[in-house]
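Asks: what shape does this take:
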Amino acid sequence: MPSLAEVQRRVARAVLACETEPLAPLLVGGLEPCKRLEIHRRNYEASLTAALRQKFPATEWLIGADAMGIAARAYALLNPPSAPCIAEYGGGFPAFVARRAPRNLPYLEAFASLEWEVGRASIAVDREPLEWSAIAARGAEALLETRFALQPGVAYLRCGWRVDELLSAYVGGTPPDRFVLSNEATALQVRGARGSVSIERLAGATFDFRRAIASGASLAESAAHALGQDATFDAGEALRALVHARLVTAFDGLGSRSHGVQR
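Replies: I've put the predicted structure just below:
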């Protein structure tokens, strides 16, 4: 007789593969255990599908309810949650749905990725920011090798389309009769906390600097990324602006980092 752990693994595989009959010899107790497991399988599928639709309402608005339902169900069956927190579920959905999108939506992955980051930012809780005096006290030489943690509700995305305009059209609730989405590189900062979210376009060098900081690079490394875009970039002023925006929360990665993202 297999162990409890093995039975649990087989049940999980059966739920994901939509095949409950092979488990019949292992299911005991009550009437028609396979039918009861089938109910569990359908509830599992429906709950994850509903969770994805709740996380990506703008994406559903863009591609339609039918296409969204099919994509969400397929994703749920192929990508079971890897963590107990449902808030973390769905990070791979933008790329997944884009592979199944009509060919006239080349910007779908960027749009869904922006929606994902906006959703994550909206439920973040700010940490106490560092003041400039605490950072300046480290001294210039020490600061060059310092790494910083940023607010948890900050993310950075580079998109090939101006999808922030499209998301604004959705949020506004009254889409225009005609909308032209520009195929233009756009560097975005998403900033949110406790239900409030803002999206800001950044200049290339500033974006590279902040994204590098968010990903764990030192001040010197982040400045080098920015200088590759703009030889006149001033890392000191850029750091001061980041601090004055109340985005820096700790030295040397103490505390949670934000999640810099590039698309």
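
Asks: any idea which helix or strand comes after the top strand by length along the chain?
Replies: The longest strand of the chain (DSSP state E) is strand 186-193. Downstream of strand 186-193, the first helix or strand assigned by DSSP states H and E is strand 196-201.

Asks: sheet-wise, list the partners of that following strand with their directions.
Replies: Strand 196-201 pairs in its sheet with strand 186-193 (antiparallel), by DSSP bridges.

Asks: quick one: contacts of the strand it pairs with?
Replies: Contacts with strand 186-193, where a contact means C-beta atoms under 8 Å, 6 or more residues apart in numbering, come from 114, 117-118, 120-126, 151, 153-164, 197-204, 207, 210, 247. Any C-beta I mention is one placed from the backbone N, CA and C, and that applies to glycine too.

Asks: do that again at 6 Å, thanks
Replies: 117-118, 121-122, 124, 126, 153-159, 162, 164, 198-200, 202, 207 (C-beta atoms under 6 Å, 6 or more residues apart in numbering).

Asks: next step: those residues restricted to strands.
Replies: Short answer: the contacts of strand 186-193 in strands (DSSP E) are 154, 155, 156, 157, 158, 159, 198, 199, 200.

Asks: picking up where we left off before, the longest strand of the chain versus strand 154-159: what angle between them?
Replies: Between strand 186-193 and strand 154-159, the angle comes out at 160 degrees (axes from the mean of the first three to the mean of the last three C-alpha atoms, to 10 degrees).

Asks: from the chain's centre, how far out does strand 186-193 sit?
Replies: Distance, stretch centre to chain centre, for strand 186-193: 11 Å (C-alpha atoms, centre = their mean, to the nearest Å).

Asks: cool, stretch 190-210 as well?
Replies: Averaging C-alpha positions (C-alpha atoms, centre = their mean) puts stretch 190-210 14 Å from its chain's average.

Asks: show me what counts as buried in it.
Replies: Judged by neighbour count using 16 or more other C-beta atoms under 10 Å, the buried positions of stretch 190-210 are 190-193, 197, 199, 202, 205-210.

Asks: just stretch 229-241 next, same as before
Replies: 233, 235, 238, 239.

Asks: just the residues you listed now: which is nearest residue 222?
Replies: Among these, residue 235 lies closest to residue 222 (C-beta to C-beta), at 7.3 Å.

Asks: so where is the protein shaky, pLDDT-wise?
Replies: Scanning the chain for pLDDT under 70 picks out the ranges 1-40, 175-176, 253-263.

Asks: helices along that one, start to end?
Replies: 4-17, 33-55, 57-63, 65-78, 93-99, 108-122, 132-136, 140-144, 163-172, 204-214, 219-227, 235-244 (DSSP state H).

Asks: closest to residue 179 out of those helices?
Replies: When the helices of the chain are compared (using C-beta to C-beta), the closest one is helix 163-172, at 6.0 Å.

Asks: run a quick neighbour tally on the nearest residue to residue 100 once chain neighbours are set aside.
Replies: Distances taken as C-beta to C-beta, 6 or more residues apart in numbering put residue 71 closest to residue 100, at 5.3 Å, once the chain neighbours are dropped. Neighbourhood size, residue 71 [other C-beta atoms under 10 Å]: 25.
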